[in-house]
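Chemist: Quick one, what's the 3D model for this:
(one chain, ligands or ions: 2)
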Amino acid sequence: MIAFADIDYMKLALDWAAKGMFITMPNPRVGCVIVKEDRVIGAGHTQPVGFDHAEIQAMKDARQRGADLRGATAYVTLEPCSHFGRTPPCADALIEAGLARVVVACSDPNPLVAGRGVARLRAAGIAVETGVLEIEARELNIGFFARMQRGQPWVRLKAAASLDGKTALHDGRSQWITSAEARNDGHWWRARACAVLTGIGTVKLDDPQLNVRAVETPRQPRRVVIDSGLEIDPAAKILQGGGAWIIAARPNPDKEAQLRDLGAEILMLPNQGGKVDLPSLLQELGRRQINELHVEAGFKLNGSFVREGCVDELLLYLAPSLIGDAQGMFNLQAPASLDEQRRLRFHEVKQIGRDLRILARFS
Ligand code: AOF
Ligand code: ZN
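Modeler: Ligands and ions are numbered 1, 2, ... in the order given. Reported below is the predicted structural model:
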């Protein structure tokens, strides 16, 4: 039986999960709240990879407060794990601690777990409820679910434009269309991504750092540049500090060696007419444990991503201005008829300062 209070406690567990927003990857962000006699006795969230899962943190928290875990209820936003990964199974730890009941938001899509965590708890006599705030819990780990279920990241493409959909003048000048508030909000979305991707065109034009500056985070997302012909200038800001992945399609051993010396990694991928094949890239990024991929590129690469069906979600910031004859967000051919429009659905619309933030999904 699920009580009203279960929903409230699960909301609290989701708040705890969100505290791990920038740090848990490639692991999912999970929260756990432990309740006894209608009081919260412990709470925790997933730590960086290799460290505690949420349940372990919550139990440590309860013990530190001198609470007795026996007979308590744990609210967990993802099914407790049942496998020995980098850490031992949380299901076993909950059983050993003598919990009476576990309420779970959604099952773990990781094939190593996938229902076994819940089965293990039940086999030990623990009462288990599942599906409490399932939609919210899946949403929080949309990238982890995408990677586990289809082997590819969740692709979120960000663009900022005027109300008539223009991102830049024809000569490429684009600073600034949206307000500082919207730009800062964009950094929050960068921070939660495993990787931030752009194209060589944007690197040449804007020389972006593509890191997170406007919000505080202990971890920077991986920077990825699609540069089919390895044209990148070794002085480009995106290469500074090392760690960038350069996605290329045409070998150039000298340039590759030079970029490697700067700490970049070159991924040579299959090409389509000399250009990196985007579906192959997404497969490769999935193999490399990228959950959420944040694309911030120019209208050409944006168009290619959409054309190839490689975008799940648009993150659009629209300023209340009109620019007129200028560059659009996507370099796409007009459809033969309006029956062939690319349809999306609005997932969320919010005003950020004076601009609008729209999240729109292709399915
Ligand atoms: C949980 N609680 O807080 C998280 C879980 O290698 P490991 O040991 O860190 O295990 C990683 C897997 O554990 C991950 O792929 C996912 O299936 C699950 N994540 N499980 O019980 C948590 N983050
Ligand atoms: Zn676990």
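Chemist: what ranges of this protein fall below the confidence cut-off?
Modeler: Confidence mapping of the chain against pLDDT under 70 gives zero matching residues.
Chemist: Break it into its domains for me.
Modeler: 4-144, 151-362 (the TED database).
Chemist: Deepest-packed of the ones you listed, please.
Modeler: domain 4-144 (a mean of 20; mean count of other CB atoms under 10 Å). Yep, even glycine has a C-beta here, placed from its N, CA and C like the rest.
Chemist: Might you calculate how far it sits from the centre of the chain?
Modeler: What separates the centre of domain 4-144 from the centre of its chain is 20 Å, taken as CA atoms, centre = their mean, to the nearest Å.
Chemist: ok, it near ligand 2 or not?
Modeler: Yes: for a cut-off given as CB under 5 Å from the ion, domain 4-144 has contacts with ligand 2, namely 53, 81, 90.
Chemist: The first one: what's its closest spatial neighbour, skipping adjacent residues?
Modeler: Nearest in space to residue 53, with sequence neighbours left out and distances taken as CB to CB, 6 or more residues apart in numbering, is residue 90 at 5.1 Å.
Chemist: shouldn't the one you found be in contact with residue 83?
Modeler: No: the criterion here is CB atoms under 8 Å, and residue 90 misses it with residue 83 at 9.8 Å.
Chemist: Smallest gap between the stretch 101-250 of the chain and ligand 1, at which residue?
Modeler: Distance from ligand 1 to each residue of the stretch 101-250 of the chain (CB to the nearest ligand atom) is smallest for residue 110, at 3.2 Å.
Chemist: Is that residue in contact with residue 149, as I believe?
Modeler: No: taking CB under 8 Å as the definition, residue 110 is not a contact partner of residue 149, at 10.1 Å.
Chemist: ok, now which ones touch residue 107?
Modeler: 78, 79, 113, 114, 115, 117, 118, 130 (CB atoms under 8 Å, 6 or more residues apart in numbering).
Chemist: ok, and of these, which contact ligand 1?
Modeler: Taking CB under 6 Å from any ligand atom, the overlap between those and the neighbourhood of ligand 1 is 78, 113.
Chemist: Return the member of the contacts of residue 107 nearest to residue 95.
Modeler: Checking the contacts of residue 107 against residue 95 by CB to CB gives residue 117 as the nearest, at 10.7 Å.
Chemist: Do I have it right that residue 318 meets residue 164?
Modeler: No: at 9.3 Å, residue 318 does not count as touching residue 164 under the criterion of CB under 8 Å.
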